[in-house]
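# Need coordinates for the following:
(5 chains, ligands or ions: 4)
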Amino acid sequence: ACGGSSDSDDGTIVIGYSAGLSGGAAEYGVNVQNGLKMAIDELNEEGVEIDGKKYTVKLESLDDQYQPGTTGTNVQRLVEKEGASVVFVPHAGGIKAAQELNSGRTEFLVGAYSSDPAILDSGNELTVMIPPSFDSYVQPFIDKVKTKDNAKLGLMATASEFGQEWTKTTIEKWEESGGEVLAKNNIDYGTVSDFAGPVAKTLAGKPDVILVGGPSQPTALLIEEARKQGFKGAFLIIDQAKFEELEEFTDPKNLNNSVGIMPLPLFDGTEKFIADYKAKYSSEKPVNADIALNYQALPIFIEAMKIAKSTDDPKAIREAMGEAVKSVNGVFFVPDRISEKGHLQAEGLQAAYRNADGEYEPFEIEQPEE
Amino acid sequence: MIKISGVSASYEAVDVLHGIDIVANDGELTVILGANGSGKSTLFKAMSGVLRPNSGQIEFNGEDITRSSPAAIVKKGLAHCPEGRHLFPRMSVEKNLMLGAYVRRGDKARVKTLLERSYDLFPILREKRKQAAGSLSGGQQQMAAIGRSLMSDPSMLILDEPSMGLAPLITQQVFETIVEINNEGIGVLLAEQNANSALQIATSGYVLAEGRVVLSGTAKELQSDTRVQRAYLGV
Amino acid sequence: MTLFIQQLANGLALGGIYCLAAIGLTLVFGVLGFPNLAHGALYMLGAYLTYFFLTDAGMPYVVAILAAAVVLAFLGVVLERLVFHPLRNSPHTHHMIATVGVMFFLVALVQEIWGTGFLRMQSPVGGQLSVLGAQVSWQRIIIIVTAVVVLLLLTWFLKRSPHGQAIEAIEQDRTGAALVGINPSMVSMVTFAVSLALVAIAAGLVAPINLLSPGMGDSLGLTVFAIIILGGLGSLPGAIVGGFSIAIAEVMASTYISVAAGEAAIFVILIAVLAIKPTGIFGTVAQR
Amino acid sequence: MIDRLNPRLLGVALVAIAMLLAPVVFSEQQYLLRVVTTAAIYAIAAYGLNIILGLTGQLSLAHGAFFGVGAYTVGLLTTDRDWPFWSAFLVAIAATTVLGYVSGLIALRTQGAYFAIFTMALGFLIFIVIVRWESLTHAHSGVSGVKFPENIGPIDFTEPAVMYYFVLIFLAAAAYTTHALLNSNAGRSLVAIRTSEDLAKSIGVNVAVSKQLAFTASATIAGLAGGLFASLNGFIGPDSAGIDRTFEMLLFLLIGGLGTVMGPLLGSLLVAFLFEMLQDLETYRFIVLGPIIVLLVIFAPRGMIGYLNDLVPARFKRRATTMPGDPATVPVASPTKSEVH
Amino acid sequence: MLLQVRGLGKTFGGLDAVKDVDVDVPEGQITAIIGPNGAGKSTLFNLLAGFYAPTSGTVTFEGKDITGMKPHRTVREGIARTFQTTQLFENSTVLDNVLAGCVVRSTSNALDAVFHTPRHRRDERASRAKAMEELEFVGAAHLADQVASNLPQEAQKRVSMALALATEPRLLLLDEPAAGTNDEETAAFGDLIRQMVARGITVCLVEHKMSMVMNLADQIVVLDHGQRIAAGTPEQIKSDPLVIEAYLGANNDQAGAQS
Ligand SMILES: Nc1ncnc2c1ncn2[C@@H]1O[C@H](COP(=O)(O)OP(=O)(O)OP(=O)(O)O)[C@@H](O)[C@H]1O
Ligand SMILES: Nc1ncnc2c1ncn2[C@@H]1O[C@H](COP(=O)(O)OP(=O)(O)OP(=O)(O)O)[C@@H](O)[C@H]1O
Ligand SMILES: [Mg+2]
Ligand SMILES: [Mg+2]
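Ligands and ions are numbered 1, 2, ... in the order given. Have a look, this model is predicted:
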């Protein structure tokens, strides 16, 4: 089986996308979708030519409500009916379901947007991991906020798979550095009606640092609640939550003394992208890394198609990625290499510590060696 | 006074009533006789608004109530004690009775009197007033249903086989009560299998067969009609 | 000890939220014969409407909540007429599926209008109160107080007006109810209106301590069903006892055992109670 | 000759032929075959729900959870334990049977809406166990690499069409069992319970045991379907045990026709088809789907089968009545009778 | 004695619905149980059929102690009943209703049905024949294809009897079989009950229509306030002052009205 070629004959490259686009947790899916759309519009404006032939790029999106089973069906439909040879999936469960499909059942390239390194450990040859691995953040984050040897860490990240993985890795590294870890208190940010109870419980353990994070908005609420209840220590915020969004949902003062990924505007050269994006979608909301990373990843795939001279051979496209990645511009953390396992990497990634005065102090994040 | 002219009614596809004409006067006791399935209950349902007739007209005290809702009809003073009782099984007997006075709920004193009348009529109900209606014996439920229909203080009362399931003593009593109520000036429309007793207390009557009025007249006339005697009086 | 008091206060506030949401559900149970699965979605809509009246229309907080309540009450009448009235003689499974359809529609509609993202409604009443060392925000105190007041008012209303008995009567025998002069359609409509107004009030009160999102009703749904079943269907005291006890159990279990235990607490309690008393705490006779 | 053909039989035959030919029709569009295969698996689960709800009249909302337990049993055994599919499948069926039996012991003490919400809570509890017992279930990470059934001789189950026929066998068995049940004493006992428990007792039906058996059987079938689902998808997450699953199955069942032989199948196919079609509407699809559901419930309350039945000429209806217990025209748990308008 | 009841009692939250009742039902006869409303007649039937568990006393059927036995087992033992308010599987056809009554006597199970075994086929054929036979017996064969709830009351009563008969009882408990029927129909029901006895079925009957009871019963037991206040032949009962006072009323013209 291979991507239906009928579509590409009349010059269309279909990029598939399956994510939660409706219901409770759809915002994230829509953000990523907008990033992809914006990239595609720009590509089409410039014109895409592969092997001497002109193409229009088209995004086909399907809603899976974050249910991996549905992702599987969607992906197969995107590949076989719509003729996509690249499918973007921005959630770990769906990525795994897609990987089941492209390991033997049908052939396509997964544009995996999840910072969980586990998605690469499966050894799937047709997966490209787009964002920086969260593994690379954990130790630097700990170094920033762990001020004494036996500091206590409270655990309140969201209960999703992603939050759990983050928690696991953080516990491991925290203990390695001699710290103490309090009882796991992961709560489902999406379904908890009132954070006061869980926060009170965590604070009762007198933590010095609390690991928090899930979707930005509830994270902000949780941080606010903890501050209200008198927590003075530091927050270690997982990369799913973004400072620029947190600021919108709570008094920014509450965020002082926290470490997290750096707000997009603080990276050099992101103003234009942010302004363009806001203009295009007439959006007042902060523009975050999720949008930017997908925006800049998509052209790499197209470039790889150009190099491979094929729009429908996933293997060839994947092989050409190493080459393609070198000649694509981007917003920030612009990848310049792709690892053996398929991870887009770059130098110059930064995270930020928001100090007691509410100023962001950037610091370098090293990319992992494989 | 209730006046029914040319009423036809059906359940889904089955036509049951075919152009019924009946008049029941205030203060009189009109009895409807008829074999099983002849359409007595259906006719009553049409009167009280539970079933909407296909055609024809029902007038109550000169007012057209053919298309009125059951609630509106009770309010106008026409009460219906239905076949199958339709009590509220998980409510106490007293609550059932009090709900009978739903349309008279403004007048507390009157409701109190009505309640006492029901209890006097069926002393067992007073004894069981706290018990869930669904756990009453069959006959007790029948009493509760009759009691409930009286609670709305009607000017015309429709009773569908009130003696069903009642012990002989109580049956006698119920018939006496019906006469009493009737004497108070309340019109009564009665469907009854016990034709003998019914005709004894009735003013006039109608005989239904297969959804049509086949005979009508004063109670005396019907009692002496040979056809009625043969079919309903076991003579 | 402070932790215990703090958590007790938190549990009470959560209980207030649960109660407010549960009573509307219990009311409509009477006329639907089945829990309204769209309840969570209506709660969500109530929150968005309050947000709209507060933020976009610039009304004061209390007025915004009342306006949302009025709109939802009207919606309740519309729903009753369009969806549930035609189904009045159908089995309860049909009602249930219809409510799922309504839920799908409302969630999708809100998403189209207000977008997929989270919204935050600022609490017009800030600050907090220190009770025996525990910190309780004023908004939560308002929730508890409103819950108690609304419950008292409602209890009084149902006791004093014939409406409560009318609901019961319709549930037990629709024909019988009509024959005593109850207008089932009218009662259904009024009940829907009251129920939805209540849920709007609940949502409007809770919104400031929570976030608005199209999925915000989901989390409430299961818990609220558990509460009204635990208390005994259609029982107002049941909804109150159920709401507060489940909230406190949830908070305490997650404090002293684990978060998973807190999540499971609701359902473990429910299963335990029903295993002993299959009709809930205040339920008397089994429903059909 | 033609007019002696029973439209019912004709309908069944047409559906059967269509189902058999699906892989040929969809040979160019494998994903449609996958959609149909998935729908068929859900239909099997819906047949399970049909036994406890359609026949016995008890609304079980734990059905999706039982489905999930079956899926996870196959998933975890074939990956973490590296068992072959076949033995894992048998264990999945056995496990859901035991689980169904034990939960039935408590659940069936309750009635009506209590039973429904009780089973909903039970389902949610199972869901929580899956999400929270990470060391066993991998929680949100789900289970990857679930095995296909191992080859039997030359039969290669990684071939989508083969997998489809494999599922189809169970589907046919489920439909046939329903048919046989409806025409048997066991089925009559269940239908009797649905209509009136007291009356059922009075004709010698052991209500408690029959309900228990029906509940257990429905759980078994859900587990079986779950096992197939895990194998077909290769990956399962906690969502496969969620309450949404239950509502989907319920939707299939109601739209198809409760308590009927063909209802679960037709309902599953129709809704799968509807979902597929509406996918193109993207986020608008629930704005459309919601009202469609409401309209279907109002205007085709007895499901497609009930609707189709009304089209069947009256002379065949006579035969229908000698098909005992065929409750195509029977609503679940008869509501309070009322003619009030 | 087919059925022996000794010291039977049932209380509902303090009320003795049935108290210390002794009844003997001789085989092949018609025993009537009468008494005022709320005397405990239906409760007695519920106790015999196992719908209620007695608070005291014993029930012996064909020499076997069946006290507290669940209904599905008493049916198997050979006791069938009808309900005071006629109960049928409302939405099913008349034939399906009666077929449901055949379930208890058939030996094939669900697996037989699935595998379509000869036993299943034999059973199905036998059930069908049995059901039609009973319908003919009660005179409702022509209604076989009708939906039960659409029938008039009287026809429903006949069908409910066929349903009970289909369980092949040795003892049939009929709760007010003639309520709501006119005199002619009442007489017809009386004939039907006699025919049942002729088939070897013992009948126990609760009824308020004295015309029927006095014509039909071989012996009568009178209950009042849960207790047995009299027992004997119709002649004895008719003139028993206790019974007249509690039940029949002095002006007892109904009793013999249509004999
Ligand atoms: N709900 C129903 N659906 C269909 N047909 C019905 C329904 N109710 C009654 N019928 C039919 O309508 C006809 C008239 O019934 P109705 O109950 O009015 O008769 P009735 O004179 O009151 O008889 P009874 O003496 O049994 O009370 C009967 O043939 C009956 O079968
Ligand atoms: N489940 C119950 N709970 C409480 N009391 C009950 C229950 N069932 C019956 N009773 C009471 O027990 C008494 C006997 O009832 P039963 O139904 O046996 O009377 P019955 O002799 O059949 O009367 P009828 O001739 O009116 O049918 C009645 O007073 C009734 O109210
Ligand atoms: Mg009648
Ligand atoms: Mg009785």
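
# can you map out the strands along the stretch 151-259 of chain E?
For the stretch 151-259 of chain E, applying DSSP state E, counting those that start in this stretch gives strands covering E:171-175, E:202-206, E:219-224, E:227-232.

# Next, format those as a markdown table and append mean neighbour count, mean pLDDT and distance to chain B.
(C-beta placed from N, C-alpha, C; glycine too.) Shown next, in a markdown table, are the strands of the stretch 151-259 of chain E (neighbours: other C-beta atoms under 10 Å in any protein chain shown; pLDDT from 0 to 100; distance: least, C-beta to the nearest C-beta, whole Å):
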| stretch | mean neighbour count | mean pLDDT | distance to chain B |
| --- | --- | --- | --- |
| strand E:171-175 | 25 | 96 | 8 |
| strand E:202-206 | 24 | 96 | 9 |
| strand E:219-224 | 23 | 96 | 10 |
| strand E:227-232 | 18 | 94 | 14 |
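
# Which of these sits closest to ligand 3?
Across the strands of the stretch 151-259 of chain E, ligand 3 has its closest neighbour in strand E:171-175 (19.1 Å, C-beta to the ion).

# Packing partners of the closest one?
Here strand E:171-175 touches helix E:41-48, strand E:79-81, helix E:153-165, strand E:202-206, going by 3 or more C-beta pairs under 8 Å, 6 or more residues apart in numbering or on different chains; DSSP states H and E.

# Chain D contacts on chain A?
Neighbours of chain D within chain A, by C-beta under 8 Å from any C-beta of the partner chain: A:1, A:21-22, A:26, A:61-63, A:66-69, A:72-74, A:76-77, A:79-81, A:92-93, A:96-97, A:99-101, A:104-106, A:118, A:122, A:159-162, A:164-165.

# Out of the residues you listed, list just those in strands.
A:Ser61, A:Leu62, A:Asp63 (DSSP state E).

# Distance check, the last one against chain C.
Spelled out, it's A:Asp63. Distance from A:Asp63 to chain C, counting by C-beta to the nearest C-beta, to the nearest Å: 11 Å.

# check contacts around the nearest residue to that residue once chain neighbours are set aside.
What sits nearest to A:Asp63 in space, not counting adjacent residues and going by C-beta to C-beta, 6 or more residues apart in numbering or on different chains, is A:Leu21, at 4.0 Å. A:Leu21 sits next to A:Gly29, A:Val30, A:Gln33, A:Ser61, A:Leu62, A:Asp63, A:Gln65, C:Thr116, D:Glu282, D:Thr283 when contact means C-beta atoms under 8 Å, 6 or more residues apart in numbering or on different chains.

# The one helix or strand B:Leu199 maps to and chain E, are they touching?
Using DSSP states H and E, B:Leu199 sits in helix B:195-201. Yes: using C-beta under 8 Å from any C-beta, we find that helix B:195-201 touches chain E at B:Ala195, B:Asn196.

# which parts of that helix are buried?
Going by neighbour count (16 or more other C-beta atoms under 10 Å in any protein chain shown), the buried part of helix B:195-201 is B:Ala195, B:Asn196, B:Ser197, B:Ala198, B:Leu199, B:Ile201.

# Excluding chain neighbours, what is closest to the fourth one?
Using C-beta to C-beta, 6+ apart and skipping residues adjacent in sequence, the residue nearest B:Ala198 is B:Glu192, 3.9 Å away.

# what does the model give that neighbour for pLDDT?
At B:Glu192 the predicted local confidence, pLDDT, stands at 89.

# Wait, it touches B:Pro162, no?
Yes: in this structure, B:Glu192 is within contact of B:Pro162 by C-beta atoms under 8 Å, at 7.4 Å.

# any idea which element D:Val98 lies in?
With DSSP H and E as the test, D:Val98 turns up in helix D:85-107.

# Please check the contacts of A:Leu21 and keep the buried ones.
Listed as buried from the contacts of A:Leu21 are A:Gly29, A:Val30, A:Gln33, A:Ser61, A:Leu62, A:Asp63, A:Gln65, C:Thr116, D:Thr283; burial here means 16+ other C-beta under 10 Å.

# need the helices for chain E, in chain order.
Assigned helices in chain E, in chain order: E:41-48, E:71-77, E:94-102, E:110-115, E:118-138, E:153-165, E:183-198, E:210-216, E:234-238, E:241-243, E:253-257 (criterion: DSSP state H).

# same question, the stretch 201-350 of chain A
Taking DSSP state H, counting those that start in this stretch as the criterion, the stretch 201-350 of chain A carries its helices at A:216-228, A:243-249, A:271-280, A:289-308, A:314-324.

# E:Gln84 is nearest to which of these?
When those are compared by C-beta to C-beta, helix A:216-228 sits nearest E:Gln84, at 60.2 Å.

# what's the spacing between the residue of chain C found nearest chain A and chain B?
As assessed by C-beta to the nearest C-beta, chain A sits closest to C:Gly215 within chain C, at 1.7 Å. Look at C:Gly215 and chain B: by C-beta to the nearest C-beta, they are 37 Å apart.

# Surely that residue touches C:Val110?
No: C:Gly215 is not in contact with C:Val110 according to C-beta under 8 Å; the separation is 9.7 Å.

# so what sits against both of these two?
Here C:Gly215 and C:Val110 share the contacting residues C:Met44, scored by C-beta under 8 Å, 6+ apart.

# Under the pLDDT cut-off, which ranges of the stretch 51-200 of chain A? List them.
Across the stretch 51-200 of chain A, the ranges flagged by pLDDT under 70 are A:105.

# go again using 80 as the cut-off
Along the stretch 51-200 of chain A, the model assigns pLDDT under 80 to residues A:69, A:103-106, A:161, A:190-194.

# The stretch 151-288 of chain C too?
C:158-161, C:218-222, C:233-235, C:258-260, C:263, C:280-288.

# Which positions in it make contact with chain B?
With C-beta under 8 Å from any C-beta as the criterion, the stretch 151-288 of chain C comes near chain B at residues C:162, C:165-166, C:168-169, C:172-173, C:175-183, C:186, C:284-285.

# how about a cut-off of 7 Å?
Proximity of the stretch 151-288 of chain C to chain B (C-beta under 7 Å from any C-beta of the partner chain) is limited to residues C:162, C:165, C:168-169, C:172-173, C:175-176, C:178-183, C:284-285.

# State the pair within the contacts of A:Leu21 that is farthest apart.
Greatest spatial distance in those: A:Leu62 and C:Thr116, 15.6 Å, computed using C-beta to C-beta.
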